[in-house]
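# Starting from these lines, generate the structure:
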Amino acid sequence: MSTDTIGTRIRYWRARRGGMTQAVLAGLAGLSQPYISQIEAGHRSIDSRSTLIAIASALQVTVADLLDQPGDPTDPAKTGAADAVPAVWAALLEISDGDRPKPSGSREQTIESLHATNVLRLSADYIRMARTLPGLLAEASAHGGVLLAEAAYLTSTCLRHLGHRHLAVDAARIAQAAAEDVEHHAWRGAARFAYAQALPVEAAGVAARAAARTMADLQPYAADRDVRQVLGQLHLAAALRSAVDGQTGTATDHLSEAEQEATTLGDPPPDGGFNTMCFGPTNVVLWRMAIAGESGDHAEVIDLARTVNVDALPIANRRQAYWMDLGRALAQSGRRDREAEIAFTRAEHTAPSLFILNPLARDAVSAMVRRARRRAVSRELRVLARRLDITVNA
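Below you'll find the predicted structure:
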């Protein structure tokens, strides 16, 4: 099966479903046949997670199948990470089985290792980060408590971005159990945030409800500033997942709660606050952009982008999310591709490996290349296409 674009994979799965026609697929997914045709031809990219869910459900596959995640482990873009995943899985299984080795290093050495791995997380270098995780998990599990909670949180974050969501869910559960062992409420909330983020997009409603339950559990401890930051992030996660699930009113309520909390707390210090979660007014705007994009309000995404200085955030994946959401919004009409090129170039410069791993980035750039062939492919677009291994004719 060709894995060039999401459209290619949709066409492949249609053929596997007894030659299902575009019209039948469109009817089952609640979409139009011309829209499906444009997606399959690569002239348009899918504009929302809910659309991906509808198409995947109609084809009786998962969204991961359409996104080709976790993808080919021999893909040069994933060199190093794919090799580490089996060892990470084994480490998670050992921890879940209660196998706690004696520490080979001191608690202080493990804290230093956690800091070094978190630096890779902040730069969104998930491929290099994956290589550190087996050893880090072994050391952290020997010490347990908050150290294990942080190591498992880092593991969940990394695996999610590499497309291994099932393992990311396991890691988040380990983080939660470790935080509960020492009654660390902020880390307990952070672990549940990681869990909500790791769940597959088809489980958006489950993720939203899990976040809401956690917020209720943490409310008695809201006097703690760290817990309040986590509560804010949980509201944001619940808002986006509710929007994907079609619960617009619930999404709006969660966004309002997050905005009130952010106004009170203000933007985080330069270190990003608790667990570098970066909760504050700036991050709230970025999540509002994602929710507006999910709702198909691309003009709102562009308007919101003008109101925020994304460089204030110390974590690369949030800065890249800004440029990705802006680029996709600009590219949707097909009339602002030059501006979209600039946004995608900024996204690639902000977090190169994350950009390459993002199937939505590949899909959007591929559609722009196809549209540009009617005119001319710019130098900047050629560079983006080359980074994503997209063929551009001379």
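# and the protein, what are its domains?
6-67, 71-198, 202-314, 315-394 (automatic domain parsing).
# C-terminal to the lengthiest helix in the chain, what's the next element?
Longest helix in the chain, counting residues (DSSP state H): helix 225-244. Sequence order places helix 248-265 as the next helix or strand after helix 225-244, per DSSP states H and E.
# Let me see the mean pLDDT of that following helix.
For helix 248-265, mean pLDDT rounds to 96.
# Likewise for stretch 35-55?
90.
# What of stretch 285-300?
Averaging pLDDT along stretch 285-300 yields 95.
# Return the set of buried residues in it.
With burial defined by 16 or more other Cβ atoms under 10 Å, the residues of stretch 285-300 counted as buried are 285-295, 298, 300. (Glycine included, C-beta is placed from N, CA and C.)
# would you turn those residues into TSV with distance to residue 275 and secondary structure?
Output for the buried residues of stretch 285-300, formatted as TSV (distance: Cβ to Cβ, whole Å; DSSP: H, G, I helix; E, B strand; the rest coil):
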residue	distance to residue 275	secondary structure
285	20	helix
286	17	helix
287	17	helix
288	22	helix
289	22	helix
290	20	helix
291	22	helix
292	26	helix
293	26	helix
294	25	helix
295	29	coil
298	32	helix
300	29	helix
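# quick one: which of those residues is nearest to residue 164?
residue 290 (21.9 Å; Cβ to Cβ).
# one step back: if I take the longest helix of the chain and helix 248-265, what angle do their directions form?
Angle, helix 225-244 to helix 248-265, by axes from the mean of the first three to the mean of the last three Cα atoms, to 10 degrees: 160 degrees.
# Keeping just the C-alphas, turn helix 225-244 into CSV.
Output in CSV follows, covering the C-alpha atoms of helix 225-244 (Å, rounded to 0.1, in the frame of the first residue of the first chain):
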residue,chain,number,x,y,z
ARG,A,225,-0.5,26.4,42.5
ASP,A,226,0.9,23.4,40.7
VAL,A,227,-2.5,21.6,40.9
ARG,A,228,-4.2,24.7,39.5
GLN,A,229,-1.9,24.7,36.5
VAL,A,230,-2.7,21.0,35.9
LEU,A,231,-6.4,21.7,36.3
GLY,A,232,-6.1,24.4,33.6
GLN,A,233,-4.4,21.9,31.3
LEU,A,234,-7.1,19.3,32.0
HIS,A,235,-9.8,21.8,31.1
LEU,A,236,-8.0,22.5,27.8
ALA,A,237,-7.6,18.8,27.0
ALA,A,238,-11.3,18.2,27.8
ALA,A,239,-12.3,21.2,25.6
LEU,A,240,-10.5,19.9,22.5
ARG,A,241,-11.7,16.3,23.0
SER,A,242,-15.3,17.5,23.6
ALA,A,243,-15.1,19.5,20.3
VAL,A,244,-13.9,16.4,18.5
